[in-house]
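In: predicted model and sequence below, questions to follow.
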Amino acid sequence: MLPATSTTDQSSHQMATETNIVETSIQHKLRGLPKSKGKDYRLYQVPEHLREVNRECYEPSVVSIGPIYYYKRNSLKYSQELKLRHLECFLELGVWKKGYAAYSLGNFIDFLKGWEEEARLFYEDNISLSSDEFVEMMMVDAAFIIYFMMLRSPDFPHREDPMDKMMAWALKVLQDVFLADNQLPFFLLNELYLMAFGSDYPQISFRDITCNFIGESSIPGWVAARTVGKVRVRDAEDIKDLVDFLRVLCYPSVKLGHDQNPKDNEERFCDENKLCCLPLKRQGRNLKDEKKSQFPPTATALKATGVKFLATDGKNLLDIKYRDGVLQIPTLTIEDTTETILRSLMFSEQCHYYEDSYFTHYVFFLDALINTSEDVQVLIKHGIIEHWLGSDDEVATMINRITRNVAITNCEVYYSQVSRDLHAHVTTRWNKWRAILKTDYFNHPWSTLSVVYLVVLLVLTVLQVYTGFTQ
């Protein structure tokens, strides 16, 4: 029989061996991790839990831009011809402007090779493309975007359009250009444009071209692109990609941290187990009610309690205000591409701008305002929504679906003060009674006539009784 000390030594040795095996396994996996790029990634790949809500809004339909979808989908391979035709026209435009002094394709390739390392750092994942493949991708895709936008800008003479006979594709190409992870670095587009056409059009920057391109469309922000947005993007120091460009274009006139109402600058209450944080509860206020009041009641509930709706121009799309019983909301045009554009903007904020997620808060505000087609009809009647979809039900479904699997990470929702004021209006005793009367008794002309008839009958009965007594 072995001594007790010997048994203990064997157990300790066995435990140490097992620990070494586990440690070796973990160390091997740690060494296999991709090397950190030492900076915040500029473009993240959309995760599966967001894609599964509506894949069409996250994957290119016609053209792939950048390395993430490069030759990964068979349905996109034929679009390479479309991009190459734009590249051909891009080069011909240079010859038309400069003649024999025009840059050759080789000159552009040598130029882009100098940007390869920085461009690779733009992407979250280590790109599997070889150096030659990556530079070719940059050349073809960047020339495609630049020429595609120049064709749709009034500042340039009319030139050959490779999509002249392919208008059925145009809307989908517009959508693909603003997909969240179907992007090139904005600096790359800007630098290639400056090299190719900067000396020919010194008064027209690539930011001007992008504004003109958006302004000629009907995507969210098109009014800002024609007006106040031009100044915003011109003064912006760092624009990551075209999605980020669109977000900067639509900045609200008052940013988070500079609240419209001093009441918003309260101390904050943050539950470390929750993503959504709320202001510190003041005396007599319920935290659960506070959370609910971060978002407004529905449009039909607001209408029933006497709130008036006013559509304002869309140059500041995110500027929603409530004053003196009037809810002011800029007009939003909804078409087939709108959901994709909004999802891209929200995903960009989830990755980079969680402290000032203006578009995310805007979409959540709309989602709270709209539950059914009746809510949509209220907003359409007042010019706040214009849509080209098949029905009002489709609009409601789209708005309700768009926030699924999206988290709000900011302590104070941008529109929380507007929402609190709306809830205060709705919960006023007179307004509650007004809503009940309107919903239950005056929701139809016949109902109204019935109530009037009963009131008249009651008055006549009282008069008859009173007359009987006096006689």
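Out: Great, that's in hand.

In: this protein: strands as residue ranges?
Out: 268-269, 278-279, 308-312, 321-323, 326-330, 332-334, 385-387 (DSSP state E).

In: which ones are touching the residue nearest to W169 when sequence neighbours are not counted?
Out: Spatial nearest neighbour of W169, chain neighbours left out: V62 (5.3 Å); criterion: CB to CB, 6 or more residues apart in numbering. C-beta here means a position set from N, CA and C on the backbone, and glycine is covered the same way. Going by CB atoms under 8 Å, 6 or more residues apart in numbering, V62 touches 76, 79, 82, 169, 172-173, 176.

In: which of the strands of the chain sits closest to A196?
Out: strand 332-334 (33.0 Å; CB to CB).

In: parallel or antiparallel, list what pairs with the closest one.
Out: In the sheet, strand 332-334 lines up against strand 385-387 (parallel) (DSSP bridges).

In: contact partners of the partner strand?
Out: 331-335, 376, 379-380, 395.

In: of these, which pair is most distant in space?
Out: Among the contacts of strand 385-387, the pair separated by the greatest distance (CB to CB) is E335 and L379, at 15.8 Å.

In: the more surrounded of these two?
Out: Ranked by neighbour count (other CB atoms under 10 Å), E335 and L379 place L379 first, with 24 against 16.

In: check contacts around the more buried one.
Out: 299, 309, 329, 369-370, 385.

In: now V95
Out: By CB under 8 Å, 6+ apart, the contact list for V95 reads A102.

In: quick check: phi and psi on the residue nearest to W169?
Out: Backbone torsions of V62, given as degrees, to the nearest 10, read phi -120, psi -50.

In: any stretches of the stretch 201-350 of the chain with poor pLDDT?
Out: 256-293 (pLDDT under 70).

In: mind listing the helices for it?
Out: If DSSP state H, counting those that start in this stretch is used as the criterion, the helices of the stretch 201-350 of the chain fall at 206-215, 222-226, 229-235, 242-249, 287-292, 299-304, 338-352.

In: of all the ones you listed, which one comes closest to N54?
Out: Short answer: helix 338-352, nearest of those by CB to CB, at 7.0 Å.

In: just want the angle from that closest one to helix 242-249.
Out: 90 degrees (axes from the mean of the first three to the mean of the last three CA atoms, to 10 degrees).

In: measure how far helix 338-352 is from the centre of its chain, please.
Out: Relative to the centre of its chain, helix 338-352 is centred 3 Å away, using CA atoms, centre = their mean, to the nearest Å.

In: outside of it, which residues touch it?
Out: Counting by CB under 8 Å, 6+ apart, 40-41, 44, 46, 50, 54, 56-58, 175, 178-180, 219-220, 240, 243-244, 246-247, 332, 356-360, 363, 398, 401-402, 406-407, 409 sit against helix 338-352.

In: you'd agree L188 is up against W115?
Out: Yes: counting by CB atoms under 8 Å, L188 does reach W115; the two are 6.0 Å apart.

In: the more surrounded of these two?
Out: Taking neighbours as other CB under 10 Å, L188 and W115 compare with L188 leading, 21 against 17.

In: list the contacts of that one.
Out: Applying CB under 8 Å, 6+ apart to L188 gives the contacts 112, 115, 119, 138, 142.

In: could you dump the contacts of strand 385-387 to a markdown table with distance to R159?
Out: Shown next, in a markdown table, are these (distance: CB to CB, whole Å):
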| residue | distance to R159 |
| --- | --- |
| T331 | 33 |
| L332 | 33 |
| T333 | 29 |
| I334 | 32 |
| E335 | 27 |
| V376 | 41 |
| L379 | 41 |
| I380 | 40 |
| V395 | 38 |
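
In: out of those, who's nearest Q203?
Out: Taking the contacts of strand 385-387 together and measuring to Q203 by CB to CB, the closest member is T333, at 30.2 Å.

In: which residues does the closest residue to H382 other than its chain neighbours bridge with?
Out: Excluding the flanking residues, the one nearest H382 by CB to CB, 6+ apart is F309, at 3.9 Å. In this entry, F309 is beta-bridged to L327, by DSSP bridges.

In: H425: which of the contacts of strand 385-387 is nearest?
Out: H425 lies nearest to L379 out of those, by CB to CB, at 17.5 Å.

In: gap between F144 and T397?
Out: 34 Å (CB to CB, to the nearest Å).

In: more neighbours, those two?
Out: Neighbour count, other CB under 10 Å: between F144 and T397, F144 has more, with 26 against 16.

In: what separation is there between the more buried one and S79?
Out: 9 Å.

In: identify the contacts common to those two.
Out: Common neighbours of F144 and S79, counting by CB under 8 Å, 6+ apart, are V63.

In: circling back to that earlier point, closest to F90 out of the helices of the stretch 201-350 of the chain?
Out: Of all the helices of the stretch 201-350 of the chain, helix 206-215 sits nearest to F90, with 13.1 Å by CB to CB.

In: quick one: that closest one to chain centroid distance?
Out: On CA atoms, centre = their mean, the centre of helix 206-215 falls 19 Å from that of its chain.

In: packing partners of that helix?
Out: Contact here means 3 or more CB pairs under 8 Å, 6 or more residues apart in numbering; DSSP states H and E; on that basis helix 206-215 packs against helix 131-151, helix 186-197, helix 222-226, helix 229-235, helix 242-249.

In: tell me the buried residues in stretch 187-199?
Out: 187-193, 196-197 (16 or more other CB atoms under 10 Å).

In: next one: stretch 220-239
Out: Neighbour counts over stretch 220-239 (16+ other CB under 10 Å) mark 220-226, 229-230, 232-233, 236, 239 as buried.

In: quick check: of those, which lies closest to D164?
Out: Top of the list for closeness to D164, among these and by CB to CB, is W222 at 22.7 Å.

In: could I have stretch 406-424 exported to PDB, CA atoms only?
Out: Extracted C-alpha coordinates of stretch 406-424, given in PDB (Å, rounded to 0.1, in the frame of the first residue of the first chain):
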ATOM      1  CA  VAL A 406     -30.400  46.700 -32.700                       C
ATOM      2  CA  ALA A 407     -29.300  47.900 -29.300                       C
ATOM      3  CA  ILE A 408     -29.200  51.500 -28.100                       C
ATOM      4  CA  THR A 409     -26.000  52.100 -26.200                       C
ATOM      5  CA  ASN A 410     -26.300  55.800 -25.300                       C
ATOM      6  CA  CYS A 411     -27.500  56.800 -21.900                       C
ATOM      7  CA  GLU A 412     -29.800  59.600 -23.200                       C
ATOM      8  CA  VAL A 413     -31.800  59.100 -26.400                       C
ATOM      9  CA  TYR A 414     -31.500  62.200 -28.500                       C
ATOM     10  CA  TYR A 415     -35.300  62.700 -28.700                       C
ATOM     11  CA  SER A 416     -36.000  61.800 -25.100                       C
ATOM     12  CA  GLN A 417     -37.000  65.300 -24.100                       C
ATOM     13  CA  VAL A 418     -39.400  65.600 -27.000                       C
ATOM     14  CA  SER A 419     -40.800  62.200 -26.100                       C
ATOM     15  CA  ARG A 420     -41.200  63.100 -22.400                       C
ATOM     16  CA  ASP A 421     -43.100  66.300 -23.400                       C
ATOM     17  CA  LEU A 422     -45.400  64.200 -25.600                       C
ATOM     18  CA  HIS A 423     -46.100  61.800 -22.900                       C
ATOM     19  CA  ALA A 424     -46.800  64.600 -20.500                       C
END
